[in-house]
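Q: Next comes the sequence, and after it the predicted model I'd like to discuss.
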Amino acid sequence: MAPTKRQRVDEPVLVASSAAAREETGTPRSLHRPISDRRQDTTGRILPSPFRLTHIRDLGPDMNVDAVTLADLLGDPLISECWEFNYLHDVNFLMSHFDADTRALVKVHIVHGFWKQEDSGRKSLEHQASRHSNVQLHTAYMPEMFGTHHSKMLILFRHDDTAQVVIHTANMIAKDWTNMTEAVWQSPLLPLGVDSGPQPPLAVGSGHKFKLDLLNYLRAYNSRGDVCKALVEQLARYDFSAVRGALIASVPGRHEIEDEDADATSWGWAAVRKTMRSVPVQSSGKSEIVAQVSSIATLGPKDTWLRGTLLDSFTSPAKSPSLKPIYRVVFPTPDEIRRSLDGYASGRSIHMKIQSAQQVKQLDYMRPMLCHWANDAEGGAVLPGEPKDAGRQRAAPHIKTYIRYHKDSNTIDWALLTSANISKQAWGEAGNAAGDIRIASWEIGVMVWPELLTDDPAAKMVGSFTTDTPSQDDVVQDDNDKATSTIVGLRIPYNLPLRRYGAVEVPWVATASYAEPDWLGKTWA
């Protein structure tokens, strides 16, 4: 393989600023030209990240460059209707982020998973909603006992006849939008559609496929009653052709792993496996798949499900078994939680258990994969290189990302932002003899890759740190690459290179007790 080189300063590069590239419509510049247009640019382009980190209250402006607030998402007075899907909800908090002059006029729909009438969470939500005449609650169908309505999504309709889909990782509560690391994907503003005859083929990652899968996801809510039929009918009128992203979602129930119906949508890890058949990855060199989550469930005493079902679904079927990627899992230690902005309180929503014999065995097989969130802990393994600062070491992670890094070229093959943690409930059990997958929870996410976002087969994705747009120093190219290649940034929430756990380090356990005070002087019991 040819050695890599950094792009020379005198080579021409067009850098599209984050704001300019998204423009008023939220559409990356690369999407303003037809997908069939293969014209070569005379100079390279650098495009901002499709995923954006949320603003951290207790960090300075230099660590919040390009960060998005909830007011940025909801504060436009042109918003006329909002459908809010989530696990935890604070209605007053949600309503406070709409424009002050119009918030009483916005039709607000909240979709939740508190299906038991006597559930304290349901009663609290009903009490909160009763204070707002323009808020309507909708209960998701929850057929699995241990499932949750964990999806995090906003669907917005506007007075200018456009709509927008926002998929993110934060609960609709103040804690998640204050000092926790979260992220957001926003669709472009979607215009009303025009009947233009036969639709193009449903290519994976295209706006047409995204729309089909999103509508199928929403239709699943209506399997036992009318939860959001009106939303499906309304959203179906909009044109999704500018969207670039593959919807990766989970719906409770039993589903076929391989459904031959062209209009069918796969769910859970089966959706990942199906999508990966269409995602190009670099065919040589070393690579890592890094799963960064805020919760790791009990998975069993052997790694059969973690490796054989979940992580293997993220590998390209075209790759040689000998070239399979290394798997890494980013998860904070007690030391990292102690030193986070909110101290131990940050760990209340970060979960893993290591108490039972089965859980100890799980820790044993996961230990070689485990890496730090902040990667500056004294007990961690030696760093393999000079770290790049993501600016979120002290903001504890509630974000969930799955990213494939190509180690030799310092580039990224694909990235997934999702609500789904590492659990069988979220991704589905291993397939059974009948070819079915059983899923317990509602989840939703978006996968992207460089060629999809740019329509340039030579495009590369690189990590960007403390800003959505990569710096020229982050742009690396092979000797055979043309200087005209498009570069897409991906906002990385953790420092790179990763730091593996030390020999005696263990993950943070929210149900354990910690006598050592956090930086705020508090203990955890």
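A: Cool, the structure landed. In this text the structure is predicted, and so the values were computed from the model without any measurement.

Q: From here on, just use CA atoms for contacts and neighbour counts.
A: Fine.

Q: Shouldn't residue 361 be within a helix?
A: Yes: counting by DSSP: H, G, I helix; E, B strand; the rest coil, residue 361 falls inside a helix.

Q: Just the local confidence number for the nearest residue to it once chain neighbours are set aside, please.
A: Spatially, and ignoring its direct neighbours in sequence, residue 361 is nearest to residue 301 (5.1 Å; Cα to Cα, 6 or more residues apart in numbering). On the pLDDT scale, residue 301 is placed at 96.

Q: And for residue 301, the neighbour number?
A: Neighbourhood size, residue 301 [other Cα atoms under 10 Å]: 16.

Q: And it, how far from residue 113?
A: 30 Å (Cα to Cα, to the nearest Å).

Q: In terms of helices and strands, where is the residue nearest to residue 361?
A: Using DSSP states H and E, residue 301 falls within no helix or strand.

Q: can you check residue 215 too?
A: helix 207-220.

Q: what's the next secondary structure element after that helix?
A: According to DSSP H and E, the helix or strand after helix 207-220 is helix 229-235.

Q: other SSEs contacting that next one?
A: With contacts taken as 3 or more Cα pairs under 8 Å, 6 or more residues apart in numbering; DSSP states H and E, helix 229-235 sits against helix 207-220.

Q: residues making contact with the helix it packs on?
A: 200, 202-204, 228-229, 232, 235-236, 240-247, 249, 251, 263-265 (Cα atoms under 8 Å, 6 or more residues apart in numbering).

Q: Put the buried members of those into a PyMOL selection.
A: In PyMOL syntax, the buried subset of those is picked out as below (16 or more other Cα atoms under 10 Å):
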select buried, resi 204+228+232+235+236+240+241+242+243+244+245+246+247+249+251+265
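
Q: Return the subset of the contacts of helix 207-220 lying in strands.
A: Judged by DSSP state E, the contacts of helix 207-220 include 246, 247, 249 as members of strands.

Q: do you know how far the last one is from residue 445?
A: This points to residue 249. Distance, residue 249 to residue 445, by Cα to Cα: 6 Å.

Q: what about the helices in this structure?
A: 18-22, 70-74, 91-95, 120-129, 207-220, 229-235, 268-276, 304-305, 312-313, 334-338, 357-366, 424-427, 450-454 (DSSP state H).

Q: can I get the ones you listed in TSV with mean pLDDT?
A: Listed next are the helices of the chain as TSV, based on pLDDT from 0 to 100:
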stretch	mean pLDDT
helix 18-22	49
helix 70-74	99
helix 91-95	99
helix 120-129	96
helix 207-220	98
helix 229-235	98
helix 268-276	97
helix 304-305	98
helix 312-313	96
helix 334-338	97
helix 357-366	97
helix 424-427	98
helix 450-454	96
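
Q: Pick the most deeply packed of these.
A: When these are scored by mean count of other Cα atoms under 10 Å, the highest mean neighbour count falls to helix 424-427 (a mean of 27).

Q: which one of the helices of the chain lies closest to residue 80?
A: Nearest to residue 80, of all those, is helix 70-74, at 10.3 Å by Cα to Cα.

Q: Would you mind extracting the C-alpha trace of the closest one into CSV?
A: As requested, the backbone C-alpha atoms of helix 70-74 are provided in CSV (Å, rounded to 0.1, in the frame of the first residue of the first chain):
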residue,chain,number,x,y,z
LEU,A,70,-32.4,22.6,21.7
ALA,A,71,-33.4,26.2,21.0
ASP,A,72,-31.6,26.0,17.6
LEU,A,73,-33.8,23.0,16.7
LEU,A,74,-37.1,24.2,18.1
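
Q: List the contacts of residue 125.
A: Under the criterion of Cα under 8 Å, 6+ apart, the neighbours of residue 125 are 89, 90, 91.

Q: Against residue 233, how distant is the closest residue in space to residue 290 that isn't next to it in sequence?
A: What sits nearest to residue 290 in space, not counting adjacent residues and going by Cα to Cα, 6+ apart, is residue 328, at 4.6 Å. Residue 328 sits 41 Å away from residue 233, going by Cα to Cα.

Q: swap in residue 520?
A: Separation of residue 520 from residue 233 (Cα to Cα): 50 Å.
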